[in-house]
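>>> Structure for this input, please:
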Amino acid sequence: MTTAIQAVFIRSYEERTTPKPHIVYKIDVQAHVRSWQMWRRYSEFDDLHTELTKSTKSSPPCSLPPKNSFSMLRSRKDAKVLDERRAGLEEYLRAILGAKESVWRDSQAFKDFLGIPVGRQGTLLQPSDPGQFTLSTWLDEHSDLQARLRDVWSDINKRDALSDQGDIAASHKSNLAAKGKLAGMLARIGNLDKALQPLAMSGMSEGELQRRTDMVARLRDDCEKLTRIVTVARQTARSATAGPSFGAAESRVAAPESDRAALLGANTFARPARRVFGASSPPKETETTRPLDNTGLYSLQQQEMTHQDDQLSQLTTVLQRQRQLGEAIGAEVGLQIEMLDDLSNEVDRVGGKLSSTKQKLNKLS
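Residues are numbered from 1 along each chain as shown. Now for the predicted structure:
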């Protein structure tokens with residue numbers, strides 16, 4: 001739930017007269033892509049506190065503001081008392097959302113109190129239930145996956161920094177953390193893709209369907225790219241730490257600087273290029289290629305080429321979509337021109353009839 005619920009506010013309250021006079025507080029709940037409001041009275045907060053304490057066997061991290069039973073009539077008219085209670089109730093909800101332990105906010109009583117439907121938390125929808133997504137919960141799930149991919153990128157950057165510092169154990173740990181976060185993401189992305197068809201049948205526009213399809217494609221591309229980066233890092237680390245065997249030790253050790261310089265340096269026997277785009281520059285060693293051996297460099301090159309092919313495929317899809325839109329616009333313009341021509345003909349025909357009628361009237365007069 002914490003991945004979807006961003007903030008909770010209680011900014012106002014109002015007095016209601018049915019079934020009897022009482023005060024209700026407006027709870028504003030903000031999620032990734034939408035927000036909603038719930039109205040609760042103090043007695044409902046008290047019932048929630050009792051239920052949370054009973055179901056979790058421990059009291060929530062914050063207590064409710066006190067209830068003055070001997071001054072109920074005065075408290076409903078005293079703005080200062082109501083503001084203090086409003087602030088206390090807001091602090092109570094925020095303490096539960098921000099607590100280190102999640103037992104209180106994960107309880108069904110708390111979810112029902114905030115009016116959180118199934119699927120908005122981002123953890124209740126399983127890959128086998130794509131039909132449970134709504135337009136808003138689909139976006140919540142997409143935002144959660146984007147946040148997880150950003151966390152994976154952070155772990156990979158941390159891994160590279162630790163590797164440059166020589167801390168192999170910590171670098172390996174960061175790589176394992178990135179791998180763990182990637183686990184199951186392709187299944188969740190596939191779940192989003194499958195959910196688009198039911199959403200389209202429920203009334204989603206064609207343009208919105210295409211936009212969300214592109215969003216899923218970008219997520220899948222980023223996930224596959226990160227998976228390749230993590231896999232190559234594991235293979236490189238395994239090659240660097242493995243001992244020589246079967247006479248293949250040279251393939252498992254990073255190439256000497258002289259060989260790398262010869263490989264990356266200018267080739268005097270190569271034929272000059274016929275076409276040169278921009279200023280020529282010799283190959284340069286980078287932070288990405290420095291810790292890799294020949295096998296790692298080859299794997300990295302294959303990954304980059306595959307990534308470029310995927311980007312070209314996406315660009316082709318976008319261009320095809322633009323072409324379809326252009327053809328549709330052209331057909332619509334042609335239809336409008338035909339309608340205008342028909343209208344012009346009708347105007348001319350009506351004008352001719354009016355002229356004939358006017359001539360007849362002139363003869364009668």
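>>> what's across from Arg16 in the sheet?
The bridge-partner assignment for Arg16, based on DSSP bridges, gives His22.
>>> who touches it in this structure?
Under the criterion of Cβ atoms under 8 Å, 6 or more residues apart in numbering, the contact partners of Arg16 comprise 22-24. Just so you know, the C-beta spots here come from the backbone N, C-alpha and C atoms, and that holds for glycine as well.
>>> hmm, 10 Å instead?
Counting by Cβ atoms under 10 Å, 6 or more residues apart in numbering, Arg16 touches 22-24, 39, 41.
>>> Is it possible to get CSV of those residues that adds neighbour count, distance to Asp106 and pLDDT?
Putting those into CSV (neighbours: other Cβ atoms under 10 Å; distance: Cβ to Cβ, whole Å; pLDDT from 0 to 100) gives the following:
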residue, neighbour count, distance to Asp106, pLDDT
His22, 14, 30, 88
Ile23, 17, 29, 90
Val24, 16, 26, 92
Trp39, 13, 24, 91
Arg41, 14, 24, 92
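>>> is it true that Val152 touches Met185?
Yes: under the criterion of Cβ atoms under 10 Å, Val152 makes contact with Met185 at 8.5 Å.
>>> Find residues that contact each of the two.
Joint contacts of Val152 and Met185 (Cβ under 10 Å, 6+ apart) are 222-223, 226-227.
>>> Go through those residues and name the one nearest Gln197.
Here the nearest of the shared contacts of Val152 and Met185 to Gln197, counting by Cβ to Cβ, is Cys223; it sits at 20.8 Å.
>>> What is the neighbour count of the residue lying closest to the closest one once chain neighbours are set aside?
Distances taken as Cβ to Cβ, 6 or more residues apart in numbering put Met185 closest to Cys223, at 5.2 Å, once the chain neighbours are dropped. Residue crowding around Met185 was assessed by other Cβ atoms under 10 Å; the count is 20.
>>> do the same with Asp193
For Asp193, the tally of surrounding residues (other Cβ under 10 Å) stands at 17.
>>> ditto for Phe45
The burial count assigned to Phe45 is 21, neighbours taken as other Cβ under 10 Å.
>>> doesn't Leu93 make contact with Pro65?
No: taking Cβ under 10 Å as the contact criterion, Pro65 and Leu93 are not neighbours in contact, 12.0 Å apart.
>>> what do those two both touch?
The overlap between the contact sets of Pro65 and Leu93 (Cβ under 10 Å, 6+ apart) consists of Phe45.
>>> So between these two, which is more surrounded?
Just comparing Pro65 and Leu93: by other Cβ under 10 Å the higher neighbour count belongs to Leu93, 24 against 18.
>>> quick one: contacts for Met204?
Contact partners of Met204, counting by Cβ under 10 Å, 6+ apart, are 135, 138, 196-198, 211-212.
>>> and the helix or strand where Ser344 lies, how far from the chain's centre?
Ser344 is located in helix 294-364, with elements delineated by DSSP states H and E. Relative to its parent chain, helix 294-364 has a centroid offset of 32 Å by Cα atoms, centre = their mean, to the nearest Å.
>>> If you count contacts, what does that helix end up packed against?
Contact here means 3 or more Cβ pairs under 10 Å, 6 or more residues apart in numbering; DSSP states H and E; on that basis helix 294-364 packs against helix 206-241, helix 249-252, helix 257-264.
>>> what's the average pLDDT for the second one?
In this case it means helix 249-252. Per-region confidence: helix 249-252 scores 41 on mean pLDDT.
>>> Equivalent analysis for the last one, please.
Confidence over helix 257-264, taken as the mean pLDDT, stands at 59.
>>> What are the buried residues along stretch 159-170?
159-160, 162-163 (16 or more other Cβ atoms under 10 Å).
>>> now stretch 82-95
Within stretch 82-95, the residues that qualify as buried by neighbour count (16+ other Cβ under 10 Å) are 82, 85-86, 88-90, 92-94.
>>> And the contacts of it?
Where contact means Cβ under 10 Å, 6+ apart, the residues beyond stretch 82-95 that reach it are 7-13, 15, 23, 25-29, 40, 42, 45, 48-49, 60-68, 75-76, 78, 104-105, 110, 113-114.
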